[in-house]
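A.B. asks: Any chance you can model this:
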Amino acid sequence: ENVRVTAAGSAVRDHVVTASHAAPGVVVPAFPLVDQDGKSLTLRDFAGRVLVITFVYTRCPLPDFCPLMVKHLESVRRKASEDHLGDRVALLGVTLDPDYDTPAVLRAYGESMLEKADRFDQWTLATGTAAQVEAVARFFGVAARAEGGVVTHTLATAVIGHDSRIMRIFPSNSWRPDDLLAEVRRGVERAADR
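C.D. replies: Modelled structure (predicted):
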């Protein structure tokens with residue numbers, strides 16, 4: 001309440017404070033994960049590019065959930081490439097089923113779901129230990145429960161700026177690719193202004 005700007009922030013940010021949950025302006029913690037090639041990564045490895053992160057799992061049977069998120073993000077990737085923004089945008093799908101979705105399973109899923117031969121230039125599919133995946137999902141407000149090979153979960157897709165700060169979170173599966181692409185463009189423009 002009654003928040004007001006009293007001065008411009010310093011360009012030097014040695015001690016960046018992160019919140020315990022995602023919200024616009026919050027710096028994303030350096031959550032450790034593993035990509036589809038078995039290589040370690042953190043969410044900070046994407047700094048310098050606009051990152052779009054969503055949560056999926058490879059065995060999802062519902063076409064309006066995980067497959068729709070991947071389809072929408074593929075549309076965003078394609079349009080960003082057409083606009084010559086492709087090298088400034090990264091897409092990250094974090095599995096909610098780390099026990100099943102090993103790096104090899106994620107690679108095969110990506111090869112079947114993503115369009116281009118160089119699909120992993122912009123896309124990363126990630127897993128980790130159950131605790132690592134849960135920490136990332138919890139931070140972004142995604143709840144998941146696995147039962148008998150089916151993961152019941154909520155949805156969230158976040159756009160993270162070049163500075164690792166959250167720009168916007170799209171809840172549910174009701175967002176449109178053009179709305180998310182507009183946010184990505186804004187992030188690319190903001191990065192160019194720096």
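
A.B. asks: OK, contacts around Phe55?
C.D. replies: The contact partners of Phe55, taken as Cβ atoms under 8 Å, 6 or more residues apart in numbering, are Met69, Gly93, Val94, Thr95, Leu96, Ala137, Phe140, Val142, Ala144, His153, Leu155, Ala156. Where C-beta positions appear, they are placed from N, C-alpha and C, glycine not excepted.

A.B. asks: and the gap between Val142 and Ala158?
C.D. replies: 10 Å (Cβ to Cβ, to the nearest Å).

A.B. asks: Look at the two and report which has more neighbours.
C.D. replies: Neighbour count, other Cβ atoms under 10 Å: between Val142 and Ala158, Ala158 has more, with 25 against 22.

A.B. asks: what lines up beside the helix or strand harbouring the more buried one in the sheet?
C.D. replies: Element membership for Ala158 (DSSP states H and E) is strand 156-160. Strand 156-160 pairs in its sheet with strand 50-56 (antiparallel), strand 166-171 (antiparallel), by DSSP bridges.

A.B. asks: ok, the contacts of Phe55 vs Asp178, which is closest?
C.D. replies: Nearest to Asp178 among the contacts of Phe55, counting by Cβ to Cβ, is Met69 at 15.3 Å.

A.B. asks: How about the contacts made by that closest one?
C.D. replies: Counting by Cβ under 8 Å, 6+ apart, Met69 touches Thr54, Phe55, Val56, Gly93, Leu155, Thr157, Asn173.

A.B. asks: How about the most centrally placed residue in the chain, nearest residue that isn't a chain neighbour?
C.D. replies: Closest to where the C-alpha atoms of the chain average out (Cα atoms, centre = their mean) is Ile53, at 0.8 Å. Nearest non-adjacent residue to Ile53, counting by Cβ to Cβ, 6 or more residues apart in numbering: Leu92, 4.5 Å away.

A.B. asks: Secondary structure class of that neighbour, three-state.
C.D. replies: For Leu92, the secondary structure call by DSSP: H, G, I helix; E, B strand; the rest coil comes out as strand.

A.B. asks: Is it in contact with Ala126, as I believe?
C.D. replies: Yes: Leu92 is in contact with Ala126 according to Cβ atoms under 8 Å; the separation is 6.2 Å.

A.B. asks: Under the pLDDT cut-off, which ranges of the protein? List them.
C.D. replies: Applying pLDDT under 70 to the chain flags residues 1-20.
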